[in-house]
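> sharing a model that was predicted from the sequence below.
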Amino acid sequence: MFVCRKTCRGELTVRAIIVGGGIAGSASAMALQAVGVESTVLEARPEGVGAGSWFTVAPNGVAALQEIGALEAVRAIGVPTRSNIMVGATGAAIGSVGLGRPLSDGTPALSFRRPELAAALNAEAVRRGIDVRYASQVSAVRTTSTSASVVLAGGEELEADFVLGADGIHSLVRRCIDPHAPSARYLGLANFGGITRNTRHSATLQPEAWTFVFGRRAFFGALPTPEGDVVWFVNEPRPPISRSERAATTDADWVSHLQGLAASDAGPFADLIGASELQLAGDSTFDLPRVPMWSRGRLALIGDSIHAPSPSSGQGASMALEDAVVMAACIDESRGALSAAFAAFESRRRRRVEKIVAQGARSSSTKTPGPVARRVQDHILRLVFRHIVTEKSQAWVFDYRPRLHTAHRTP
Ligand SMILES: Cc1cc2nc3c(=O)[nH]c(=O)nc-3n(C[C@H](O)[C@H](O)[C@H](O)COP(=O)(O)OP(=O)(O)OC[C@H]3O[C@@H](n4cnc5c(N)ncnc54)[C@H](O)[C@@H]3O)c2cc1C
């Protein structure tokens, strides 16, 4: 049962500590607030500091934002995105896939720069009176039969009724729940991203769509923005980037390397990369296919900490947002029984998220073909995008609409 505390007005409150102020962290704080749980969000990074390039929040994730009343707070920084267009290294068309049914008000998938979305969600949480603390690295987590607590790197200890680990793919809370929990799995790709401002290429790319090129040496993606910029990413098949390689490589070195990767392919990438600001350099991509224990006692996990997909899935942020809504609904419906709430969350979520992670890993492997596969790749991919990976076959991913089940108020 929850350990309820009396506020100065004599009301009973349930308190949570959320470790991690990425996408899942502040979204779950807002969802929990809507069902009467007060949270403190602890984020290791200082305010205003964040890495990451662009990702897409699909209609299922946008619906979760709407469900917690946070869509309007982030809409202006999102780029409407309706489809993915696939092209081969020679420029030949491979196919296209729609990004799902828009919300009932017409809002389609939205693409965001990762740190901007995290900062906007944290700012919205603060506006609603939620305690969001930056530069607050959690170094230990404890659970007893009556409470849960975290210890910050500076030694301060904070206590609550339960702790949610929204601390991403390399989660500390996951290891506290289960010291034998699996670690993230390297997917054989390094991820780079950037933005090219005010470029003529923005007019040549289809608006509101990612153009993906299955290139000879790497996989490329580009999305034009309404402002006339183009955001892009590159996935390069390679071993993980070591600390020493990272330290020895400047942004200019990376840019010239990426231009080299794009040089023999059709399309604007070599040009775009040459004139760009690098926003993400040499991020090793991982996934987390199956975490056996999602909770223990008063500790539970959400987001990438339990089901990080390959970035190729396009679902990492969307699943984290779905989790936020479903966890709050389960806590609300369990009426104080934490173990029942966490069990209900796992039973509603496990099958869906593991299926999406598995699908993401398959899609990631098409970016790392061997020499023989590469020769027949365009032909095979044309068949795949005509018959197997279609908007219809993906409807179970995009059409999901998480619900809080309770009337919620936005203060
Ligand atoms: C640096 C970075 C860049 C990324 N770039 C991309 C990208 O370009 N494209 C893409 O598709 N996906 C990217 N992702 C993944 C994507 O953001 C996630 O799939 C998705 O947002 C899941 O959200 P989450 O909140 O579960 O995890 P995350 O967004 O990873 O958030 C976890 C947060 O917890 C914080 N944290 C971790 N440990 C502690 C601790 N001990 N104490 C306090 N805070 C802690 C981290 O600083 C982080 O802010 C990136 C993730 C990270 C961390």
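On my side now, so go ahead.
> give me every residue in the stretch 201-350 of the chain lying close to the ligand.
Selection of the stretch 201-350 of the chain residues close to the ligand by CB under 6 Å from any ligand atom yields 280, 303, 304, 308, 311, 316, 317, 320. To be clear about C-beta, it is placed using only N, CA and C from the backbone, and glycine gets the same treatment.
> got phi/psi on the fourth one?
As for residue 308, its main-chain torsions (degrees, to the nearest 10) stand at phi -70, psi 120.
> list the contacts for the spatially most central residue of the chain?
For the chain, the residue nearest the mean C-alpha position is residue 317 (2.6 Å; CA atoms, centre = their mean). Applying CB atoms under 8 Å, 6 or more residues apart in numbering, one finds that residue 317 lies in contact with 23, 55, 56, 57, 61, 112, 114, 117.
> how about 7 Å then?
Counting by CB atoms under 7 Å, 6 or more residues apart in numbering, residue 317 touches 23, 55, 57, 61.
> what do you get for residue 277?
Contact analysis of residue 277 by CB under 7 Å, 6+ apart lists 194, 195.
> check which residues of stretch 253-261 are buried.
Residues 254, 255, 257, 258, 259, 261 are the ones in stretch 253-261 that count as buried (16 or more other CB atoms under 10 Å).
> now those in CSV, with secondary structure and pLDDT?
As requested, the buried residues of stretch 253-261 are exported to CSV (DSSP: H, G, I helix; E, B strand; the rest coil; pLDDT from 0 to 100):
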residue, secondary structure, pLDDT
254, helix, 96
255, helix, 95
257, helix, 96
258, helix, 96
259, helix, 95
261, helix, 95
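> skipping its backbone neighbours, what lies nearest the closest residue to the ligand within the stretch 101-250 of the chain in space?
The stretch 101-250 of the chain approaches the ligand most closely through residue 168 (3.0 Å), counting by CB to the nearest ligand atom. Nearest non-adjacent residue to residue 168, counting by CB to CB, 6 or more residues apart in numbering: residue 304, 4.7 Å away.
> next: residue 139.
In space, residue 139 is closest to residue 153, 4.9 Å off (CB to CB, 6+ apart).
> outside of stretch 113-123, which residues touch it?
21-23, 26-27, 50-55, 70, 73-74, 77, 132.
> let's see 8 Å
Against stretch 113-123 from outside (CB under 8 Å, 6+ apart): 21-23, 25-27, 30, 41, 43, 47-48, 50-55, 57, 70, 73-74, 77-78, 132, 231, 279, 317.
> likewise stretch 254-271?
With contacts defined as CB under 8 Å, 6+ apart, stretch 254-271 is touched by 87, 89-91, 192, 201, 204-205, 211, 213, 215-218, 220, 222, 230, 232, 234, 236, 273-274, 276, 278, 281-282.
> try it again at 6 Å.
Stretch 254-271 has contacts (CB atoms under 6 Å, 6 or more residues apart in numbering) with 89-91, 192, 201, 213, 215-218, 220, 234, 273-274, 281.
> again, but for stretch 299-307
24, 28, 143, 163-169, 171, 174, 177, 291, 294, 320, 323, 327, 342, 353, 357.
> so which of those residues sit within helices?
24, 28, 174, 177, 320, 323, 327, 342, 353, 357 (DSSP state H).
> and those as a markdown table, adding pLDDT and neighbour count?
Below are these laid out as a markdown table (pLDDT from 0 to 100; neighbours: other CB atoms under 10 Å):
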| residue | pLDDT | neighbour count |
| --- | --- | --- |
| 24 | 98 | 33 |
| 28 | 98 | 31 |
| 174 | 98 | 25 |
| 177 | 97 | 25 |
| 320 | 98 | 29 |
| 323 | 98 | 30 |
| 327 | 98 | 31 |
| 342 | 98 | 24 |
| 353 | 97 | 23 |
| 357 | 94 | 22 |
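> gap between the two ends of stretch 83-94?
Stretch 83-94 has an end-to-end distance of 14 Å (criterion: CA to CA, to the nearest Å).
> that stretch near the ligand anywhere?
No. Applying CB under 6 Å from any ligand atom, one finds stretch 83-94 separated from the ligand by no less than 13.4 Å.
> give me phi/psi at the residue nearest to residue 131 when sequence neighbours are not counted?
In this structure, residue 131 finds its nearest non-sequential neighbour in residue 40, 4.4 Å apart by CB to CB, 6+ apart. Dihedral pair for residue 40: phi -120, psi 130, per degrees, to the nearest 10.
> so how many other residues sit close to the nearest residue to residue 215 once chain neighbours are set aside?
Excluding its sequence neighbours, the residue lying closest to residue 215 (CB to CB, 6+ apart) is residue 265, at 4.0 Å. As a burial measure, residue 265 scores 21 neighbours (other CB atoms under 10 Å).
> quick check, residue 265 in a strand?
No. Residue 265 is assigned coil when assessed by DSSP: H, G, I helix; E, B strand; the rest coil, not a strand.
> pLDDT value on it, please?
The score at residue 265 is 92. That number is its pLDDT.
> and if you look at residue 308?
Listed pLDDT for residue 308 reads 94.
> quick one: it and residue 345, what's the gap?
For residue 308, the distance to residue 345 (CB to CB, to the nearest Å) stands at 17 Å.
> again with residue 151
25 Å.
> those two: who's more crowded?
Neighbours per residue (other CB under 10 Å) separate residue 151 from residue 345, with residue 345 holding more: 24 against 14.
> wait, isn't that one in contact with residue 328?
No. Contact criterion CB atoms under 6 Å: residue 345 and residue 328 do not qualify, at 9.6 Å.
> so what's the residue count around the nearest residue to residue 353 once chain neighbours are set aside?
Leaving out its chain neighbours, the residue that sits closest to residue 353 by CB to CB, 6+ apart is residue 307, at 4.0 Å. In terms of burial, residue 307 registers 28 neighbours under the definition other CB under 10 Å.
> give me the domain ranges for the protein.
5-184+288-398, 191-287 (automatic domain parsing).
> could those go into JSON lines alongside distance to residue 405?
Converted to JSON lines, the domains of the chain look like this (distance: least, CB to CB, whole Å):
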{"stretch": "domain 5-184+288-398", "distance to residue 405": "5"}
{"stretch": "domain 191-287", "distance to residue 405": "30"}
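> which parts of the stretch 51-200 of the chain are strands?
For the stretch 51-200 of the chain, applying DSSP state E, counting those that start in this stretch gives strands covering 54-57, 79-81, 83-88, 93-98, 109-113, 131-133, 138-143, 148-152, 157-160, 162-165, 185-196.
> ok, and what's touching the longest one?
Looking back up the chat, that one is strand 185-196. Taking CB under 6 Å, 6+ apart as the rule, strand 185-196 contacts 53, 229-231, 233-238, 240-241, 258, 272, 275-287, 310, 364, 368.
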